[in-house]
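# Got a predicted structure here, sequence first:
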4 protein chains.
Amino acid sequence: MPIRIDASFAFELDQPTDVLLQFEAAPLPEQSILSADTRIGKTMHQARVAAQDGIGERIWLRGEGRFDIEYTALVDVNRQTVDLPTVPALEPHLLPGEAVQYLLDSRFCPADRFQSFVQSEFGGTTGGARVEAIRAWIAHHLSYVPGASGPHTDASDTFIGRQGICRDYAHLLVTLARASTIPARYVACYAPGVDPPDFHAVAEVFLADPEHEDGGTWQIVDATGMADPVKTVKIGVGRDAADVSFLTSFGPNRFISSNVGVSEA
Amino acid sequence: MPIRIDASFAFELDQPTDVLLQFEAAPLPEQSILSADTRIGKTMHQARVAAQDGIGERIWLRGEGRFDIEYTALVDVNRQTVDLPTVPALEPHLLPGEAVQYLLDSRFCPADRFQSFVQSEFGGTTGGARVEAIRAWIAHHLSYVPGASGPHTDASDTFIGRQGICRDYAHLLVTLARASTIPARYVACYAPGVDPPDFHAVAEVFLADPEHEDGGTWQIVDATGMADPVKTVKIGVGRDAADVSFLTSFGPNRFISSNVGVSEA
Amino acid sequence: MPIRIDASFAFELDQPTDVLLQFEAAPLPEQSILSADTRIGKTMHQARVAAQDGIGERIWLRGEGRFDIEYTALVDVNRQTVDLPTVPALEPHLLPGEAVQYLLDSRFCPADRFQSFVQSEFGGTTGGARVEAIRAWIAHHLSYVPGASGPHTDASDTFIGRQGICRDYAHLLVTLARASTIPARYVACYAPGVDPPDFHAVAEVFLADPEHEDGGTWQIVDATGMADPVKTVKIGVGRDAADVSFLTSFGPNRFISSNVGVSEA
Amino acid sequence: MPIRIDASFAFELDQPTDVLLQFEAAPLPEQSILSADTRIGKTMHQARVAAQDGIGERIWLRGEGRFDIEYTALVDVNRQTVDLPTVPALEPHLLPGEAVQYLLDSRFCPADRFQSFVQSEFGGTTGGARVEAIRAWIAHHLSYVPGASGPHTDASDTFIGRQGICRDYAHLLVTLARASTIPARYVACYAPGVDPPDFHAVAEVFLADPEHEDGGTWQIVDATGMADPVKTVKIGVGRDAADVSFLTSFGPNRFISSNVGVSEA
């Protein structure tokens, strides 16, 4: 499934500032970068490092003044999906070491506060069926309201306020999955069908791999219902949005605008 | 410097529960495990996986009833220290990829909220001198008060309340370092001199390596002033205490007691 | 209904400190103080002032050292109750001025965060039927767990954690009523049947008075189900627990113990 | 000192909604309303009730559609001021009952969290000198940055973030005064010199009355330094901004704009 991405964003730095960017499609077995073009402009320094879990790259940039970032890419996605409710959990003692961090609390996902809630609300389910129950609960109880949340909104705020955008839906799903002892991470991505078009975010949960005994696989879940996993292009992953924002500034910055277009090519 | 550790703790699980433990000294170039003995008791499952950044191990345990964990070890510590105020920062674009996560917000360390504070309070300093200024500020403004904080206390709470224990001191130092664009992580450890004797925690910051151009090293900083880095035995590291608690329970548990003795052998 | 109260509590002040106490049954049309005895001990100053809404008294005490407060009383309660689900709301523009503050957010009752939740969960109900729906929701979703909450726990924490004591039940009911545009206040009280026996707290909501057109009355609601309104002895009222704690200390204090006995005489 | 006020604001209600407004200058001994004109437009209901502490009025409005509120007034202010640093505190046991609530925690002023901070930072001062020290501390450590805070920002957030507007300055001053056992309330007001021109907010503290033994008076303090107490026109008072917002909506509303002009006539 070839997906075409046209993304741009602009911001201004009043003084020399370090900025971390992550906005490019990650090369992965399940998604091939057919072509890509990134334009960043003149900077004082620039460097690329591997991003979280080795998925995609983070770009360090140091500069001053206005930046207009432009990115276009054509990506071929070949992601296998599963029938979520039928996939069993992987018991914790079988989890690979690198998945364990995704059971633990993070900045926007204070999972331990929700242990009683998930037990009473979803107590009869486990594994993929639990995740599916969480997804359905979020889809039913939340309203997609741009502007209802901000950069400091965490999953607790969203659970109370019942409104948010993709970031908030993903944080709440990650939180309730971790509270259920299911590893879950946050995925920044591009996906056709996101309305209004924008950078998107979904969750991934780690469940048993139907094809490998005692093995596990990450499965995309989008509680907003807007992204189809088989057409979703991953940018990067993290504990939550703090790890994989498209723009993290280590000093004041003025964000000007962004424009994202994603379509089936 | 040989260090002797005698630690024990007990807890009770009313129903079969998954528990994650991390309490053993980590084998590292700078600390050799001369001898060690771990007793956990009868469990339904047990498994060991590499812990965060490959430092030490996490133990998965599933069981029910009372557990009495006992651990003794003799560890030889040969840690080199630096004269902190003289060590320069490593510019962000030179940071290795795996250090970048330690600049980002985590559950108990909401660093981005403190960018204005560190700029106005410590604005004239950088690198090791900045870290030293932060350490001195914390040592001056906080009081060590057991019972003043709890498992949900984050660095914001401590910054306001001005009281806490080693965990809170370490969280605040990590937070203010990250807000200064200096990677910082949380270190669970054993150290002689901790009063009252207990599991201890310190911070580590990533600064330029005086001996390798463009390289960096982690340096221990203890704002409580109780632990000497050359005598400190690391258990593990993480973004904050959520990653490296000696006991993380995925379900209700009743903590009974702990007893920790650490001495120079 | 004569109710006998025997209450005592002790605390220690390491230095001269101002303390505000409120623990005596309030004389009210609906509850007559048949006899009462209060023993406070030696203080540097002592003063009594009318408490919130003129219900009961607050006692100022300044002193140092150990205090053992003892209070016994015999109170005759003649409270009329209503069939809550049948009582209509009083429209906001008919509310007396002094009731309006009980619609607004307070320290432990951030009601405006819950406007979406109450609308989607209880949208088909108004007035007393809304309050009854809220009470039933809380009774169903919360577990009474001493120790699960503390002095900083607010209604948001309780809504997430699903556990608490009488204080937390009352805060959540007050919060959800205010979010429904129904004035609600917090009531400190004594009541037989509270288990374990302790100072108790319930909520009061302001609804239309079935007997006076365009008038309103306060009605007790206890989401814990432990207190019977016709046997409940009010101490005082407030926006939330911050206003009507039995002990508010303006400086450090060490709480030693309390003992409360309430019975039908 | 005659002060001229021209204020207007507009908002839209998509469905019939109850709204509480408070924006008119309060008639008080220290400020005479020479003339005033209020235009609200067509509503389903309208009612006026006395506001908090009997200062000014709250207006209930129920309606649907767009509202354009216009208010003009000419007010003669004759407020006596004191030399703040010389005014002693009124000891708590001498406080009138109605002032006691202003020592207690409220939604945006969690004062008890700051008891250690005020003791260590301002420990050598009392009464008006303490308030003056708090005012100077806030003026020095905070930056006036429109947009840095929002409707959920409380004094803890401001203490950490070190940025805000008049509302945030007033909340922090109120909080630190209460933590110092000095009653403090939040005052919505109009004042010439506010830049950019807008609804303004200051704090009031209750100190000994230099002219009446054992009596107390409220004194205006503006940590932003923009308002002169002798030219400040009070709208109303409350525990904090939750009590005296110019617009409190009990349901969704879309705020459109406001325009405030205040000048010496």
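Right, received. Where do you want to start?

# Return the nearest residue of chain A with respect to chain D.
Using C-beta to the nearest C-beta, the closest approach of chain A to chain D is made by A:G150 at 7.4 Å. Glycine gets a C-beta too; all of them are placed from N, C-alpha and C.

# Does that residue belong to a helix, a strand or coil?
Three-state call for A:G150 (DSSP: H, G, I helix; E, B strand; the rest coil): coil.

# Let me see the confidence value for the closest residue to it other than its chain neighbours.
Distance criterion C-beta to C-beta, 6 or more residues apart in numbering or on different chains; nearest residue to A:G150, sequence neighbours excluded, is D:G150 at 7.4 Å. Note for D:G150: predicted pLDDT of 94.

# what does the one 10 residues further on give?
At D:I160, the predicted lDDT confidence score is 98.

# Could you do A:M1 as well?
With respect to pLDDT, A:M1 scores 86.

# Can you classify the closest residue to A:V87 other than its chain neighbours by secondary structure?
Nearest residue to A:V87, sequence neighbours excluded (C-beta to C-beta, 6+ apart): A:G128, at 3.5 Å. Classification of A:G128 by three-state DSSP places it in helix.

# Tell me what A:R254 is bridged to.
Per DSSP bridges, the residues bridged to A:R254 are A:E12.

# isn't it right next to A:F11, touching?
Yes: between A:R254 and A:F11 there is a contact at 6.3 Å, judged by C-beta atoms under 8 Å.

# Number of residues surrounding the spatially closest residue to A:F122 that is not a sequence neighbour?
Distances taken as C-beta to C-beta, 6+ apart put A:A133 closest to A:F122, at 4.8 Å, once the chain neighbours are dropped. Residues contacting A:A133 under the criterion other C-beta atoms under 10 Å in any protein chain shown number 20.

# element containing A:A133, please.
helix A:127-141 (DSSP states H and E).

# Contacts for that helix next, please.
Residues from elsewhere that reach helix A:127-141 (C-beta atoms under 8 Å, 6 or more residues apart in numbering or on different chains): A:82-89, A:118, A:121-122, A:125, A:162, A:169, A:172-173, A:176-177, A:180, A:182, A:205, A:207-208, A:219, A:221, A:223-225, C:120.

# which of those residues are buried?
A:82, A:84, A:87, A:89, A:118, A:121-122, A:125, A:162, A:169, A:172-173, A:176-177, A:180, A:182, A:205, A:207-208, A:219, A:221, A:223-224 (16 or more other C-beta atoms under 10 Å in any protein chain shown).

# taking those residues one by one, which sit in helices?
A:118, A:121-122, A:169, A:172-173, A:176-177 (DSSP state H).

# okay if I get the residues you listed as a markdown table plus pLDDT?
Output for these, formatted as a markdown table (pLDDT from 0 to 100):
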| residue | pLDDT |
| --- | --- |
| A:V118 | 98 |
| A:E121 | 97 |
| A:F122 | 98 |
| A:Y169 | 98 |
| A:L172 | 98 |
| A:L173 | 98 |
| A:L176 | 98 |
| A:A177 | 98 |
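
# Flag the shaky bits of the stretch 151-265 of chain A, pLDDT-wise.
Within the stretch 151-265 of chain A, no stretch has pLDDT under 70.

# Tell me the residues of it that contact chain C?
By the rule C-beta under 8 Å from any C-beta of the partner chain, the part of the stretch 151-265 of chain A lying against chain C is A:156-157, A:159-163.

# Who wins on neighbours among these?
When neighbours are counted by other C-beta under 10 Å, A:F159 leads those with 25 neighbours.

# For the residue nearest the centre of chain A, list each beta-bridge partner.
The centroid of chain A falls nearest to A:V187 when counting by C-alpha atoms, centre = their mean (1.9 Å). In this entry, A:V187 is beta-bridged to A:V202, A:V237, by DSSP bridges.

# list the contacts for it?
Counted by C-beta under 8 Å, 6+ apart, A:V187 has contacts A:170, A:201-204, A:220, A:232, A:234-237, A:244.

# Return the member of those nearest to C:L103.
A:A170 (34.5 Å; C-beta to C-beta).

# Now for the closest one, how many residues are close by?
Residues lying near A:A170 (other C-beta under 10 Å) number 33.

# Hmm, it is touching A:A223, no?
Yes: using C-beta under 8 Å, A:A170 is in contact with A:A223, at 7.1 Å.

# Now for those two: what residues contact both?
Contacts common to A:A170 and A:A223, judged by C-beta under 8 Å, 6+ apart, are A:A203.

# So which residues on the stretch 101-250 of chain A come close to chain B?
Counting by C-beta under 8 Å from any C-beta, the stretch 101-250 of chain A sits next to chain B at A:101, A:103-107, A:109-110, A:113, A:115, A:152, A:181, A:239, A:242-243, A:248, A:250.

# again, 7 Å this time
Residues of the stretch 101-250 of chain A lying near chain B by C-beta under 7 Å from any C-beta of the partner chain: A:101, A:104-107, A:110, A:115, A:181, A:242-243, A:250.

# Most neighbours of all these, which one?
Neighbours here mean other C-beta under 10 Å. Within those, the largest count is held by A:S106, at 32 neighbours.

# tell me the contacts of that residue?
Contact analysis of A:S106 by C-beta atoms under 7 Å, 6 or more residues apart in numbering or on different chains lists A:239-240, B:106-107.

# again, only using 10 Å
Applying C-beta atoms under 10 Å, 6 or more residues apart in numbering or on different chains, we find A:S106 in contact with A:154-155, A:171, A:174-175, A:178, A:185-186, A:238-243, B:104-108, B:239-240, B:242-243.

# go on, A:R107?
For A:R107, the contact set (C-beta under 10 Å, 6+ apart) comprises A:152, A:154-155, A:171, A:238-243, B:104-112, B:154, B:239-240, B:242.

# can you rerun that using 6 Å?
Residues in contact with A:R107 (C-beta atoms under 6 Å, 6 or more residues apart in numbering or on different chains) are A:240, A:242, B:105-107.

# what do you get for A:D198?
By C-beta under 6 Å, 6+ apart, A:D198 lies in contact with A:V260.

# just so I have it, where are all the helices in the stretch 1-150 of chain A?
A:97-100, A:115-122, A:127-141 (DSSP state H, counting those that start in this stretch).

# so which of the ones you listed comes closest to D:R48?
helix A:127-141 (38.6 Å).

# any idea how far that closest one is from the chain center?
Relative to the chain's own centre, helix A:127-141 is displaced by 17 Å; criterion: C-alpha atoms, centre = their mean, to the nearest Å.
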